[in-house]
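Sequence plus the predicted model coming up.
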Amino acid sequence: MISLLRGPLVLLQDISIVPVRDLPEHLRSNMDGNEDDFTISRPRSRQTSKLISSEIAALLDHFKKPLTIAHAIAIYSHEHQLDPEKTLEEILPILRQLIQAGFLVPENFEDLEEIQPT
């Protein structure tokens, strides 16, 4: 895990990040979040969708191209006028969960392409 946190990471190409407010009512009513939150999912994956904050969704937008966590946090913190060290402390546990769930992967990950139906 430590090496994953140091190298460049990227969102898989078929990751979907959708505002909760854009989901159908029957799905929104089953969620604990609010309309400013987002869901992250990978179509045709066994991984379930996860609820993330708008702040995490904004940070993940930087990982459409390979970046280290430190670089992404530095950019995000500068854009939002936040303390990078405090931001890293707050966001790192969430990023670890997203790495473990397979949403955020090393740039040389073998399966960066979409999951194809079988």
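That came through fine.

residue contacts, the closest residue to residue 83 other than its chain neighbours?
With C-beta to C-beta, 6 or more residues apart in numbering as the criterion, residue 83 has its nearest non-adjacent residue at 6.8 Å, and that residue is residue 77. To be clear about C-beta, it is placed using only N, CA and C from the backbone, and glycine gets the same treatment. Residue 77 sits next to 83, 84, 87 when contact means C-beta atoms under 8 Å, 6 or more residues apart in numbering.

With residue 76 instead?
Residue 76 is in contact with 58, 59, 62, 82, 87, counting by C-beta under 8 Å, 6+ apart.

if you set the cut-off to 10 Å instead, what comes out?
Residue 76 makes contacts with 55, 56, 58, 59, 60, 61, 62, 82, 84, 87, 88, 91, as judged by C-beta atoms under 10 Å, 6 or more residues apart in numbering.

can you check residue 31 too?
With C-beta under 10 Å, 6+ apart, residue 31 has these contacts: 20, 23, 37, 39, 49, 51.

Okay, and which of those map to strands?
Counting by DSSP state E, the contacts of residue 31 place 39, 51 in strands.

Present the contacts of residue 31 as a markdown table; the columns should include distance to residue 71, neighbour count and pLDDT.
Compiled in a markdown table, the contacts of residue 31 are given as follows (distance: C-beta to C-beta, whole Å; neighbours: other C-beta atoms under 10 Å; pLDDT from 0 to 100):
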| residue | distance to residue 71 | neighbour count | pLDDT |
| --- | --- | --- | --- |
| 20 | 28 | 18 | 88 |
| 23 | 31 | 17 | 82 |
| 37 | 25 | 19 | 90 |
| 39 | 26 | 21 | 90 |
| 49 | 27 | 17 | 83 |
| 51 | 26 | 14 | 90 |
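
The contacts of residue 31: which two are farthest apart?
Greatest spacing in the contacts of residue 31, by C-beta to C-beta: 37 and 49 (11.5 Å).
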